[in-house]
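Peer 1: Have a look at this prediction, sequence included:
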Amino acid sequence: MNKKALYLGLFTVVAWGSSFAAIRVSLLGGYSPGHLVLTRFAVASLVFILYALWPGTKIRFPAWRDMWKILLLGWTGISVYHFGLTYGEQTVAAGTAGLFIATVPIFTTIIAIIFLKERVSILGWIGMAIGLAGVALITIGSSEGALEVSVGAWFIIVAVIATSFFFVFQKPLFKKYTPIELTAYFTWAGTLPFLYFTPGIINEIQGATMEATLATIYMGIIPATIAYVTWSTALSIADAGAVSSLLYIEPVVAIVVAWVWLQELPSVLSTVGGIIAIVSVIAVNWETMRRRPALR
């Protein structure tokens, strides 16, 4: 992986890692999950509209034959992922949510095997099995001692699977569109379903705390806009497996930011599960990267 892709990827995972705590701050400050995702991505969509209208810039209209792919990927990678994550964080701590998201490469590999017919060695299968066991521990640990698995954990698992599909199937579109064009398309497409939550949005913004609103605006500008562009750019110039390996850092950022901002820490069981999952992901992707050199 070249230096440019490395720096862009690192910026992205730090920005995304901070968003877990920001989501909790917004939820605790008066936003419902629906109004939070709508406000956040209304800000992100507006940023891209302003960029598209800025003199000297140009975002092309996508080809009609690609429209259905863009809509599906936007709904999957933006709508389903962010609603699942936001709703899940009503009951799941920010650091624990970060540990869940760290397992994305496991599901990405499974999806690539099923749909792209990628091959994995026996060692790779063992690594994924161990990783899924880690996911189970994170899930159980997120219930904070209760015997049942929290509803929030299930929503975040759905979010993990959704973003895994998004990462696998967006890659071919980089051959036709620039990273910033694709990010704009996905953001606009993903914001459309959130319009369902429009009723009552003004009253909720007025009733929320200033910290919650600022956190929401921050998420709309940095993690939801700039970070998606830097991530797409990194994916377009380097091997997807190598870039995705940077996601191992994301839960660390999420835990540190949540600890500093919210004084929250994941449970011991979730932390153990997260470590197991991350180690297994590193093992699986290490083998993949050895067989498939990064683009330069």
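Peer 2: Done, it's in.

Peer 1: any idea how far Leu265 is from Thr163?
Peer 2: To Thr163, Leu265 is 24 Å away according to CB to CB, to the nearest Å. From N, CA and C alone the C-beta is placed, and that goes for glycine too.

Peer 1: Same drill for these two, tell me which one is more crowded.
Peer 2: Legend: neighbour count by other CB atoms under 10 Å for Leu265 and Thr163, higher for Thr163 (22 against 15).

Peer 1: From start to finish, how long is stretch 138-152 in a straight line?
Peer 2: One end of stretch 138-152 sits 12 Å from the other (CA to CA, to the nearest Å).

Peer 1: in the host helix or strand of Met219, what's buried?
Peer 2: If you go by DSSP states H and E, Met219 is part of helix 210-221. By 16 or more other CB atoms under 10 Å, the buried positions in helix 210-221 come out as 212-213, 215-216, 218-221.

Peer 1: for the strand or helix carrying Leu46, packing partners?
Peer 2: Per DSSP H and E, Leu46 falls inside helix 33-53. Helices and strands touching helix 33-53, by 3 or more CB pairs under 8 Å, 6 or more residues apart in numbering; DSSP states H and E, are helix 3-28, helix 81-88, helix 179-191, helix 201-207, helix 210-221.

Peer 1: tell me the most buried of those helices?
Peer 2: Comparing those by mean neighbour count (mean count of other CB atoms under 10 Å), helix 81-88 ranks first with a mean of 25.

Peer 1: Just the C-alphas of it, formatted as CSV.
Peer 2: In CSV, the C-alpha atoms belonging to helix 81-88 read as follows (Å, rounded to 0.1, in the frame of the first residue of the first chain):
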residue,chain,number,x,y,z
TYR,A,81,-25.6,0.7,8.0
HIS,A,82,-26.1,4.1,9.6
PHE,A,83,-29.7,3.4,10.8
GLY,A,84,-28.6,0.1,12.3
LEU,A,85,-25.6,1.5,14.0
THR,A,86,-27.4,4.6,15.3
TYR,A,87,-30.4,2.6,16.6
GLY,A,88,-28.1,0.0,18.1
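
Peer 1: re earlier: next, format the buried residues of helix 210-221 as CSV and append pLDDT and distance to Phe100.
Peer 2: Putting the buried residues of helix 210-221 into CSV (pLDDT from 0 to 100; distance: CB to CB, whole Å) gives the following:
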residue, pLDDT, distance to Phe100
Ala212, 96, 23
Thr213, 96, 26
Ala215, 96, 20
Thr216, 96, 21
Tyr218, 96, 22
Met219, 96, 18
Gly220, 95, 22
Ile221, 95, 24
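
Peer 1: returning to that earlier point: which SSE is immediately downstream of the helix holding Met219?
Peer 2: Past helix 210-221, the next helix or strand by DSSP H and E is helix 227-237.

Peer 1: What residues of the helix holding Leu46 count as buried?
Peer 2: 33-45, 47-48.

Peer 1: wait, which of those is closest to Arg24?
Peer 2: If you rank the buried residues of helix 33-53 by distance to Arg24 using CB to CB, Leu36 comes first, at 10.5 Å.

Peer 1: I'd like to know how far that closest one sits from Glu204.
Peer 2: Counting by CB to CB - Leu36 and Glu204 are separated by 9 Å.

Peer 1: and if you look at Arg65?
Peer 2: From Arg65 to Glu204 the distance is 39 Å (CB to CB).

Peer 1: and what of Ala5?
Peer 2: Counting by CB to CB, the gap from Ala5 to Glu204 is 39 Å.

Peer 1: and if you look at Phe174?
Peer 2: 37 Å.
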